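Enquirer: With the sequence up front, the predicted model follows.
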Amino acid sequence: MDSLTSYLVIAAILFSMGIYGVITRKNAVAILMGIELILNSANINFIAFNRFGGLNKLDGHVFAIFVIVLAAAEAAVALAIVINLFKNIGSVDVSDADILKG
Amino acid sequence: MSENLFLMVAALVIASAFWVVFSPNLIHSAVALLFTLFGTSGLYIFLYADFIAATQIVIYVGGILVLIIFGVMLTNRIDSPSIAASSANQFIGGLGAFAIFVMQVAVIFNTTWMSGKPNTQQSSTEAIGKLLLNEYLLPFEIVSILLLAALMGAALLSRKS
């Protein structure tokens, strides 16, 4: 069980779930949760390849740290945008955010 | 023993990820995301990545998830009985996600992955610190400036004008 492919399959399931959430959800915060799932699946892949890839270094861990930092930055900016959206149009439904349309 | 534990953690991750995506209530989604993040941290422990597991709990659960729950609370009427999260395009989304999943699984099982002796370092913290301050110093500095800029931008965007 504790092999590379099992981790890769778990990450693939998480990734597909995240894609599904991003496509189907209408609430902007729920879309953000889908993006977090996708980033987590990428992180699992980095760490799994680092362990089973045969290299005796920890470069994958460093990349995972970078991904976590980028996720934090992305969450902060995205929530600021979502709160502004709520202030301006009174809802966080992304299909209501069409005021740029002429 | 370890096998069963691994299967349980994997099942926890997958089931709670399903609940994040399919739950009709946004607060339930956020709580399910908590379990997904904890389960992912457990997977990191199985992969001998102790530092990443701790970072995952501290930053994702302690930081990003709290931000997300703040976002849910600030953008909904709390007095309404359920904070609904409606969905759309289920068919296209399900089809697309399933197609991507099938493609990934096909690639995973049809590739001969480069493999060697599994990396079983005792403690990864010291090695990660050395890597960050030697080989990856420039990316480290760039990412810290990016984080600073993003946080300043977030503060600027969300202030009262």
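Expert: Looks like it came in fine. Numbering: from 1, shown residues only, chains lettered A, B, ... in the order given.
Enquirer: From here on, just use CA atoms for contacts and neighbour counts.
Expert: OK.
Enquirer: Tell me where the chain has helices.
Expert: You didn't pick a chain, so chain A it is. Taking DSSP state H to define them, one finds helices in chain A at A:4-24, A:28-52, A:59-89.
Enquirer: look at chain B instead
Expert: Taking DSSP H, the helices of chain B run over residues B:2-22, B:26-46, B:50-55, B:65-74, B:90-110, B:125-133, B:137-157.
Enquirer: What helices and strands are in contact with the fifth one?
Expert: Taking 3 or more Cα pairs under 8 Å, 6 or more residues apart in numbering or on different chains; DSSP states H and E as contact, the helices and strands that helix B:90-110 lies on are helix A:4-24.
Enquirer: Highest mean neighbour count out of the helices of chain B?
Expert: The highest mean neighbour count among those, using mean count of other Cα atoms under 10 Å in any protein chain shown, belongs to helix B:26-46: a mean of 22.
Enquirer: What mean pLDDT does it get?
Expert: Average pLDDT, helix B:26-46: 93.
Enquirer: hmm, it in reach of chain A?
Expert: Yes. Using Cα under 8 Å from any Cα of the partner chain, we find that helix B:26-46 touches chain A at B:26, B:29, B:30, B:33, B:37, B:40, B:43, B:44.
Enquirer: give me every residue that touches the nearest residue to the second one once chain neighbours are set aside.
Expert: Once its chain neighbours are removed from consideration, residue B:29 has its nearest residue in residue B:20; the separation is 4.2 Å (Cα to Cα, 6 or more residues apart in numbering or on different chains). Going by Cα atoms under 8 Å, 6 or more residues apart in numbering or on different chains, residue B:20 touches A:33, A:34, B:28, B:29, B:30, B:32, B:33.
Enquirer: Please apply the same query to residue B:137.
Expert: By Cα under 8 Å, 6+ apart, residue B:137 lies in contact with residue B:131.
Enquirer: same check, this time on residue B:54
Expert: Residue B:54 neighbours (Cα under 8 Å, 6+ apart): residue B:41.
Enquirer: so where's chain A uncertain?
Expert: Across chain A, residues meeting the criterion (pLDDT under 70) sit at A:1, A:102.
Enquirer: what about the residue lying closest to residue B:109 once chain neighbours are set aside, how many neighbours?
Expert: Leaving out its chain neighbours, the residue that sits closest to residue B:109 by Cα to Cα, 6+ apart is residue A:5, at 7.5 Å. For residue A:5, the count of nearby residues is 17 (other Cα atoms under 10 Å in any protein chain shown).
Enquirer: right, and residue A:5 touches residue B:108 too?
Expert: Yes. If you go by Cα atoms under 8 Å, residue A:5 and residue B:108 touch, sitting 6.7 Å apart.
Enquirer: Correct me if wrong: residue B:50 contacts residue B:122.
Expert: No. Shown here, residue B:50 and residue B:122 do not form a contact pair, counting by Cα under 8 Å, at 9.2 Å.
Enquirer: Which residue does chain B have closest to chain A?
Expert: Relative to chain A, the nearest point of chain B is residue B:116 (3.8 Å; Cα to the nearest Cα).
Enquirer: Hmm, that residue is touching residue A:50, no?
Expert: No. The pair residue B:116 and residue A:50 does not pass the contact test of Cα under 8 Å, sitting 10.6 Å apart.
Enquirer: out of the two, which sits in the more crowded spot?
Expert: Ranked by neighbour count (other Cα under 10 Å), residue B:116 and residue A:50 place residue A:50 first, with 22 against 12.
Enquirer: and the gap between the more buried one and residue B:118?
Expert: With distances taken as Cα to Cα, to the nearest Å, residue A:50 is found 9 Å from residue B:118.
Enquirer: Same question for residue B:60.
Expert: In this view, residue B:60 and residue B:118 are 27 Å apart by Cα to Cα.
Enquirer: Specify which residue of the two has the higher count of neighbours.
Expert: Comparing residue B:60 with residue B:118 by other Cα under 10 Å, the one with more neighbours is residue B:60, at 24 against 19.
Enquirer: Does that one touch residue B:38 like I think?
Expert: No. Judged on Cα under 8 Å, residue B:60 makes no contact with residue B:38 at a distance of 9.1 Å.
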